[in-house]
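[1] generate a structure from the sequence data that follows.
(chains A and B)
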Amino acid sequence: MNSDHSKSVSPDAEADAPVELVEERLVLWYFLASLGYLFVSFTGGLIMSLQLVHWNPHDGFIEYLSPGRWRMIHTNAIAYGFIANAFLGALHWAIPRLTLKPVLSRPLSYFIFAAWQVVVLSTAVGIIMGQAQAVEWGETPVWIDPLAQIGLLLVAINFMAPIIQMKGPMYVSLWYFMAAFVWTFLTYAMGNFIPQYFVGGTSAGAIQGLFIHDLVGLFVTPLAWGLMYYFVPILLQKPIWSHGLSLVGFWGLAFFYPLQGIHHFLYTPIPMFLQYGAIVSTVAIEFVVTTVIINFFGTLWGNGKAFFTNLPIRWFYTGMVFYFLTCLQCSFQVSLTFQKVIHFSDWVVGHAHLVMFGVFGLWFFGMMTYLFPRLYRQPWYSKNLAEWHYWLSAVGILVMAADLTLAGLFQGFYWVSMQPWDASVNASQPFWIIRLFAGLAIISGQICFAVNIYKTWQASRAAALAGASAHPSTYNAAWSAT
Amino acid sequence: MFENKSGILLIGGLGFFLFAFVSNALVPILMYRHLPEKTAEQLVTQNVLYQFEDLRLRYPEQFEKYVGEANEQNAADMLRLGRRVYVGEACWHCHSQFVRPVSNESRRWGPVSETPEYQNELQRPVLFGTRRVGPDLSREGGRRGNDWHTVHFFNPSSVSTGSPMPKYPWFFDGSPDKPNKRGLALILYVQWLGSWLDSYPMYEKYVPINESMSNPLE
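    Numbering: from 1, shown residues only, chains lettered A, B, ... in the order given. Coordinates of the predicted model:
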């Protein structure tokens, strides 16, 4: 049972992977699609934040640009457009390398790519047309739900094939991936079908709470940590610090995460003993999270300089610091005492942004910063743009999260103190204006990234035409001092 | 067991998920299985019919054109449409529909929410809500007149100073005195909220402290 996990991710395997093992074009396409949806989501966020500060130029002008509808586009484009596509791209890169086997079928992979874009685009169009389903983060119109469900099944089959065929001990990443394929499928089915067709009312509320939380905890989190367990050791060229802590992290997540969803609906008519249970398991997972963070910082120990010189490592570890912060924040905000004040306020909105963008977004940018030069066989066009991308994103999200957290406290106390409702809205204005500019900084950072990708692609085309591909050893040149 | 495929798939992937589903989802389902789920027709009380008739009297041409008679069946259909509009426009992303037993919420809005209130067709999937940019709406019905709502949906800041709520001119045929089918349905839906309570309509009881201090009648 005691596996030598470091072997399966030796740095050599990464560089020497046979060409036909990984469908690199598909990785590239997924990443580009992912970034495309990120900008769609930005549009939604921007419309809503302009609306809140009375600066929305087309308020009440066009039905299809209504801030409410675009608020749902904002969250759905992140979940199913940005995050899902980035995962599929990164998994197409990582799973064949970890198993030394290609995915089940190349045509199936391309079919899934096309089908998933159809699902995400139809979701966006459906929501714009006003057909949303009343499940938070599952606003996908009901007629698309079965298609998305089949898509998730195909994804699981395609990626599970090499894992199942593989012999010998499995590396940590594969534990997370395997479990996540099962969880994502079950979570999507639970959240989108049961409250719609089988039960209503309070018990459906419990299920919708589980769905929101499982989408973060059983789809995004395990896949993202699995990829961290893959990329961090490769970039640092050393094994993960402690195999035992990896086990604690995985099994702790597997047990405690599915039990937490009801904490989204504290003080609702959902039975109180279930609310207590959700709170206890939420606090419990903060301890598990701490072990995972310790494991990764133990891995970085001795290579601390990489945080400053190696940009992907800096993205990853900045995300981990934010991860620890959000989880710490969560263990307070989940308590009934905090809930009295901060529930329904911008505190929660800040928390959600810090998790989704500050942690997982930053990790994806780290993976992309590492992989785009390999996919284009061309070093980054500009180190400066890559640095601007990092600083605008990291500072932008930190300001946004801090600002919204504070705004939430103000709003909550205004409500508790029985001020007229307008008082809380007026008091929010300065915070909402800061949030708008923090968001604009984040968007500018991604524009730097997009320009850098475009210029790098252009350079790779020119190099290919000239028949002079850059040597792999130069890929890191743009961001690594070594 | 902890590192092999069957352990991860069966215990982690399926087992723990099912354990959570049974304990967190199946338990409330079984607890509330005896509470019947009401249809929209059963939700049309005298309070709802009163508002429906009021809409007919205020906007006779529009009502005639989009609804017809102010009977119970039409009211139920309009409630269903109203909910679809409420969901499609993401009203529930800025307005919650439950009053908590803490933070003075029952003083601001009315009775604390209870499970039987949600056992109906118009709460499937349930609209607890997630954020309060605007106030909770679960006891909103009857507080304000239908004319207030039409003007408010047409241009919220005209009756609610400083409100960041978006305008919804597509609920109207050009002007606030001409609500269309979606507008009439959404207003009826909002007036329905809380119509099942004895306290309907639930007026705001609070008085700002400085006024209550200076007013000897309070």
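[2] report how many residues lie close to A:K305.
    Residues near A:K305, counting by other Cβ atoms under 10 Å in any protein chain shown, number 12. All C-beta spots, glycine's among them, are computed from the backbone N, C-alpha and C.
[3] could you do A:A114 as well?
    A:A114 sits with 10 neighbouring residues when counted by other Cβ under 10 Å.
[4] following the chain past the lowest-mean-pLDDT helix or strand in chain A, name the next helix or strand.
    Sorted by mean pLDDT, DSSP states H and E, the helices and strands of chain A end with helix A:11-16, the least confident at a mean of 46. Following helix A:11-16 in sequence order, the next helix or strand is helix A:24-52 (DSSP states H and E).
[5] show the model's pLDDT score for whichever residue of chain B sits closest to chain A.
    Relative to chain A, the nearest point of chain B is B:K167 (2.7 Å; Cβ to the nearest Cβ). If you check B:K167, the pLDDT there is 95.
[6] mind checking how far it is from B:E105?
    In this view, B:K167 and B:E105 are 28 Å apart by Cβ to Cβ, to the nearest Å.
[7] what do you get for A:L398?
    32 Å.
[8] related to what we said a few turns ago, can you give me the neighbour number for the residue of chain B closest to chain A?
    Applying other Cβ under 10 Å, we find 21 other residues in the vicinity of B:K167.
[9] three-state assignment of it?
    Classification of B:K167 by DSSP: H, G, I helix; E, B strand; the rest coil places it in coil.
[10] excluding chain neighbours, what is closest to it?
    Distance criterion Cβ to Cβ, 6 or more residues apart in numbering or on different chains; nearest residue to B:K167, sequence neighbours excluded, is A:G60 at 2.7 Å.
[11] domains of chain B?
    As assigned by automatic domain parsing, chain B contains the domains B:1-31, B:40-210.
[12] run a quick neighbour tally on residue 191.
    Picked chain A for this. Applying other Cβ under 10 Å, we find 27 residues neighbouring A:G191.
[13] that's the wrong chain, I wanted chain B
    B:Q191 sits with 28 neighbouring residues when counted by other Cβ under 10 Å.
[14] wasn't it part of a helix?
    Yes - assigned with three-state DSSP, B:Q191 falls within a helix.
[15] now do the contacts for it.
    Shown in contact with B:Q191 (Cβ atoms under 8 Å, 6 or more residues apart in numbering or on different chains): B:47-48, B:51, B:140-142, B:146, B:149.
[16] quick one: least confident of those?
    Ranked by pLDDT, these bottom out at B:G142, which scores 87.
[17] that one: what's it in contact with?
    B:47, B:51, B:191, B:194-195, B:200-202.
[18] could I get those as a markdown table with secondary structure?
    Listed next are the contacts of B:G142 as a markdown table, based on three-state DSSP:
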| residue | secondary structure |
| --- | --- |
| B:N47 | helix |
| B:Q51 | helix |
| B:Q191 | helix |
| B:G194 | coil |
| B:S195 | coil |
| B:Y200 | coil |
| B:P201 | coil |
| B:M202 | coil |
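[19] taking the residues you listed together, which two end up most distant?
    The largest separation in these, counting by Cβ to Cβ, is between B:Q51 and B:M202 at 14.4 Å.
[20] could you break chain A into its assigned domains?
    Using automatic domain parsing, chain A is parsed into the domains A:1-234, A:304-482.
[21] and the shortest one, does that touch chain B?
    Yes - if you take Cβ under 8 Å from any Cβ of the partner chain as the test, domain A:304-482 does meet chain B, through A:339-341, A:343-346, A:348-349, A:412, A:415-422, A:425-426.
[22] okay, the closest residue to chain B within chain A: pLDDT?
    Chain B sits closest to A:G60 of chain A, with a gap of 2.7 Å, by Cβ to the nearest Cβ. Looking at A:G60, its pLDDT reads 82.
[23] from what I see, it and B:P169 are in contact.
    Yes - between A:G60 and B:P169 there is a contact under Cβ atoms under 8 Å: 5.0 Å.
[24] give the contact list for the spatially most central residue of chain A.
    Chain A has A:F360 as the residue nearest its centroid, 3.7 Å off, counting by Cα atoms, centre = their mean. Contacts for A:F360 (Cβ under 8 Å, 6+ apart) come out as A:83, A:220, A:224, A:319.
[25] so where's chain A uncertain?
    A:1-19, A:476-482 (pLDDT under 70).
[26] is chain A contacted by the helix with the most length in chain B?
    The residue-count maximum for a helix in chain B (DSSP state H) belongs to helix B:72-88. Yes - under the criterion of Cβ under 8 Å from any Cβ, chain A is reached by helix B:72-88 at B:85, B:87-88.
[27] hang on, B:S138 is in a helix, isn't it?
    No - with three-state DSSP as the criterion, B:S138 is located in coil rather than a helix.
[28] chain neighbours aside, what residue packs nearest to it?
    B:Q97 (4.3 Å).
[29] would you list the phi and psi of that neighbour?
    Here is the backbone geometry of B:Q97 (degrees, to the nearest 10): phi -130, psi 50.
[30] and it, what is it in contact with?
    If you count contacts by Cβ under 8 Å, 6+ apart, B:Q97 has them with B:113, B:127-129, B:136-138, B:193.
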